[in-house]
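S.K.: Just the structure for this:
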Amino acid sequence: ADEKIVILDHLLDLTTTKKRYLTDEDLKQFENYLENPSESTRLVIIAEGKLDSKRRLVKLLKRDAQIIEAATPKEQEVKRYFASQAQELGLQFVGDSLDQLLLKSGYDFGELQNLALLQAYKEDGQITLEDIEEVVPKTLQDNIFDLTQMILKRQIDQARNLVKDLRLQGEDEIKLIAILLGQF
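M.R.: Residues are numbered from 1 along each chain as shown. Predicted structure coming up:
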C-alpha cells in the first residue's frame, strides 16, 4: 500500500497519569519522529485521560496534529439524539415510552437500530410501552433477571428454554452461571 496506519493504543506517557511505560530514550526517539514524520504514515494515538500539556510531546502534537477528544455522552444528550432520530423516522412516543426505550437500549448509540424495528412494527408511528416490550430485544441483564425469577419460582422448563435461547444468541453457559451466582 502507498500509506500505512500506525495505531498506538493506551499511550499513557502523554497523559497526566503517573505511570510511564516508555524510557526517556524511547520518548526522545518518538519526539524526533514527531518533528519529522513519514509522509506515508498516518499515526493514530489513543490515550485515555487528560493530556499532560507540560510535556514536549504533547506540545508537538497540539501544534501539528489533529486532536479529537471523545467523551461519554450524558443521558440527556442521548435522549435528545434518540428523540430527534425518532422524529425523522416519523415516530411519536406515548407517555414514558421513550424513557423505556432508552432503558432497554442501555443509553447506547449502538442500539439506535431499535428505532428502525419500532418503525417497521408500527406503521402509524405511535409507540407505546407495550410496543417497546413487544419489539425491542431484551438485554442480557433483563434475561438474567427473568431467569433468576424462574429459578426462584421453580419454573424449570421455562428456565431451560431461556438458557437455550441465550446459548443460541451466543452467550456462554459459564458466563451465565457466574452472573447467576452473583445474583444470589
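S.K.: How much space separates residue 33 from residue 13?
M.R.: According to C-beta to C-beta, to the nearest Å, residue 33 stands 14 Å off from residue 13. C-beta here means a position set from N, CA and C on the backbone, and glycine is covered the same way.
S.K.: again with residue 124
M.R.: If you measure residue 124 against residue 13 using C-beta to C-beta, the figure is 56 Å.
S.K.: returning to what we had before: looking at residue 33 and residue 13, which is more packed in?
M.R.: Taking other C-beta atoms under 10 Å, residue 33 and residue 13 do not tie; residue 13 has more neighbours (20 against 13).
S.K.: Could you measure from the more buried one over to residue 23?
M.R.: Distance from residue 13 to residue 23, by C-beta to C-beta: 10 Å.
S.K.: tell me the mean pLDDT for stretch 152-163?
M.R.: Stretch 152-163 comes out with an average pLDDT of 93.
S.K.: Oops, could you answer that again for stretch 65-73 instead?
M.R.: Mean pLDDT, stretch 65-73: 89.
S.K.: next one: stretch 35-49
M.R.: 92.
S.K.: Check which residues of it are buried.
M.R.: Under the neighbour-count criterion of 16 or more other C-beta atoms under 10 Å, stretch 35-49 has 43, 45, 47 buried.
S.K.: Looking at those, which are in strands?
M.R.: The strands, defined by DSSP state E, take in 43, 45 from those.
S.K.: any idea which residue of this protein is furthest from its center?
M.R.: Largest separation from the mean C-alpha position in the chain: residue 25, at 36.3 Å (C-alpha atoms, centre = their mean).
S.K.: From residue 57, how far out is that residue?
M.R.: Distance of residue 25 to residue 57, given as C-beta to C-beta: 14 Å.
S.K.: And for residue 172?
M.R.: Residue 172 sits at a distance of 42 Å from residue 57 (criterion: C-beta to C-beta).
S.K.: Neighbour count for these two, which is higher?
M.R.: Taking other C-beta under 10 Å, residue 172 and residue 57 do not tie; residue 57 has more neighbours (19 against 10).
S.K.: Can you name the helix or strand that the more buried one falls in?
M.R.: Assigned by DSSP states H and E, residue 57 belongs to helix 56-64.
S.K.: Keeping just the C-alphas, turn that helix into PDB.
M.R.: Output in PDB follows, covering the C-alpha atoms of helix 56-64 (Å, rounded to 0.1, in the frame of the first residue of the first chain):
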ATOM      1  CA  ARG A  56       7.100  18.500  25.000                       C
ATOM      2  CA  LEU A  57       5.500  15.600  23.100                       C
ATOM      3  CA  VAL A  58       2.000  16.900  23.800                       C
ATOM      4  CA  LYS A  59       3.000  20.400  22.800                       C
ATOM      5  CA  LEU A  60       4.300  19.000  19.400                       C
ATOM      6  CA  LEU A  61       1.000  17.000  18.900                       C
ATOM      7  CA  LYS A  62      -1.100  20.000  19.700                       C
ATOM      8  CA  ARG A  63       0.900  22.100  17.300                       C
ATOM      9  CA  ASP A  64       1.000  19.600  14.400                       C
END
